[in-house]
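Trainee: Fold the following for me, if possible:
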Amino acid sequence: MSDVLIRHVEQNDLSALLAIYNHYVETTAVTFDLGPRTLEQRQVWLDSFAREGRWQCFVAVQKGEPVGWACSGKFREKDAYLTTVETSIYLKPGIGGQGLGTRLYATLFEALAKEDVHRAIGCLTIPNESSVALHKKLGFQHVGDFHQVGRKFGRFWDITWYEKAL
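Mentor: Okay, here's the model as predicted:
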């Protein structure tokens with residue numbers, strides 16, 4: 001993975017990131033979107049990020065192609081939550097387990113350390129051993145579970161919540 005560049009997300013990354021995300025939408029329960037997202041929908045997502053501030057997105061690029069991203073976004077709507085962000089990370093299928101998730105999240109947390117952010121929150125569909133292991137490795141602490149709160153692929157799924165002090 002030493003040939004991977006990590007940088008802020010750019011407009012020309014959108015199509016590749018959409019393909020990665022839609023893979024997870026269509027084949028897994030790690031996201032509770034039930035149908036593929038469109039370019040227009042993901043453009044709104046992309047437009048929510050900045051190079052500075054609480055809501056940032058970093059992309060991993062290998063041989064000119066985006067292969068994953070990590071981002072922070074709004075946790076809840078009420079203003080008292082502004083110093084808390086929810087984080088997400090997605091990697092191109094088959095590229096996990098090589099340290100890229102760790103590098104992406106580390107880059108994101110380094111950027112967030114310069115901002116007025118107090119907590120990062122991760123919400124994971126379980127079971128998802130690799131994501132749980134990544135969050136624990138990066139200092140997230142388990143704070144609770146919700147049972148059977150999402151229905152996808154004809155079954156109910158649990159979610160687990162993790163938090164990290166920043």
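Trainee: Dig out what residue 146 forms beta bridges with.
Mentor: Beta-bridge pairing for residue 146 (DSSP bridges): residue 159.
Trainee: Contacts only, for it.
Mentor: Residues counted as contacts of residue 146 (Cβ atoms under 8 Å, 6 or more residues apart in numbering) are 158, 159, 160, 161. Backbone N, C-alpha and C define where each C-beta goes, glycine included.
Trainee: Helix, strand or coil: sort out the residue nearest the centre of the chain for me.
Mentor: Against the mean C-alpha coordinate of the chain, by Cα atoms, centre = their mean, the closest residue is residue 88 at 1.4 Å. Here residue 88 is strand, with the state taken from DSSP: H, G, I helix; E, B strand; the rest coil.
Trainee: Could you tell me how far it is located from residue 155?
Mentor: Distance of residue 88 to residue 155, given as Cβ to Cβ, to the nearest Å: 23 Å.
Trainee: Same check on residue 63?
Mentor: From residue 63 across to residue 155, the span is 38 Å (Cβ to Cβ).
Trainee: that's a helix at residue 35, yeah?
Mentor: No - per three-state DSSP, residue 35 lies outside any helix segment and is coil.
Trainee: ok, how many other residues are close to the nearest residue to it once chain neighbours are set aside?
Mentor: Closest residue to residue 35 in three dimensions, ignoring its sequence neighbours and counting by Cβ to Cβ, 6 or more residues apart in numbering: residue 25, at 6.9 Å. Applying other Cβ atoms under 10 Å, we find 18 residues neighbouring residue 25.
Trainee: Quick one, grab the pLDDT at residue 25.
Mentor: Looking at residue 25, its pLDDT stands at 98.
Trainee: Which strand or helix spans it?
Mentor: Using DSSP states H and E, residue 25 sits in helix 14-27.
Trainee: which other residues reach that helix?
Mentor: 9, 30-31, 33-37, 39, 42-43, 46, 59, 65-69, 90-93.
Trainee: Mind checking which of those residues land in helices?
Mentor: In helices, defined here by DSSP state H, the members of the contacts of helix 14-27 are 39, 42, 43, 46.
Trainee: could you dump those residues to CSV with distance to residue 113?
Mentor: As requested, the ones in helices among the contacts of helix 14-27 are exported to CSV (distance: Cβ to Cβ, whole Å):
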residue, distance to residue 113
39, 32
42, 27
43, 29
46, 23
